[in-house]
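Engineer: I'll drop the sequence and a predicted model, then ask my questions.
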Amino acid sequence: MRSTFLMWPAARPRPAVQGRRTPAPAEGFMSPALAVLRMAAALEPDPLEAMAWYRSVPIAVLDGLTAAILVRQGRAYAVLAFLCAAIEIDRTERQTPR
């Protein structure tokens, strides 16, 4: 079964409008929201939980705003940096013997 992250409406091709072709996305281009959600999947593989986090969980170290608000403000890189740090902490904790 394909991952829900691959099926977001924004990722689907759009039909041509008034005879104009919709330009293909540049290779390697990903919307900021999708980039954040894909990275969040490293910590939360359940797409519904990842989306709930994205929309409604405030991130204290990022002014208490949700990832969705931060992305809308153009601060996706801050969210991605936060997620990178969280992934590294998670990886370190898994490697530490208890």
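Structural biologist: It's in.
Engineer: now for the longest helix anywhere in the chain, which elements pack on it?
Structural biologist: Using DSSP state H to define each element, the chain has its longest helix at helix 76-95. Applying 3 or more CB pairs under 8 Å, 6 or more residues apart in numbering; DSSP states H and E, one finds that helix 76-95 contacts helix 32-40, helix 67-72. All C-beta atoms are positioned from the backbone trio N, CA, C, and that covers glycine.
Engineer: format those helices as TSV; extra columns: mean pLDDT.
Structural biologist: Shown next, in TSV, are the helices and strands packed on helix 76-95 (pLDDT from 0 to 100):
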stretch	mean pLDDT
helix 32-40	95
helix 67-72	97
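Engineer: to Thr92, which of these lies closest?
Structural biologist: Taking CB to CB, helix 32-40 is the member of those nearest to Thr92, at 17.1 Å.
Engineer: which strands or helices does that closest one pack on?
Structural biologist: helix 47-56, helix 67-72, helix 76-95.
Engineer: so who does Asp63 touch?
Structural biologist: If a contact means CB atoms under 8 Å, 6 or more residues apart in numbering, then Asp63 has no contacts.
Engineer: how much space between it and Ala85?
Structural biologist: 16 Å (CB to CB, to the nearest Å).
Engineer: and for Gly64?
Structural biologist: 17 Å.
Engineer: now Pro45
Structural biologist: Taking CB to CB, one finds Pro45 at 19 Å from Ala85.
Engineer: now do the longest helix of the chain against helix 47-56, angle only.
Structural biologist: Angle, helix 76-95 to helix 47-56, by axes from the mean of the first three to the mean of the last three CA atoms, to 10 degrees: 130 degrees.
Engineer: shaky segments in this protein?
Structural biologist: Applying pLDDT under 70 to the chain picks out residues 1-29, 98.
Engineer: make it 90
Structural biologist: Applying pLDDT under 90 to the chain flags the ranges 1-30, 93-98.
Engineer: still on that earlier bit, can you add mean neighbour count and give the helices and strands packed on helix 76-95 back as JSON lines?
Structural biologist: As requested, the helices and strands packed on helix 76-95 are exported to JSON lines (neighbours: other CB atoms under 10 Å):
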{"stretch": "helix 32-40", "mean neighbour count": "19"}
{"stretch": "helix 67-72", "mean neighbour count": "20"}
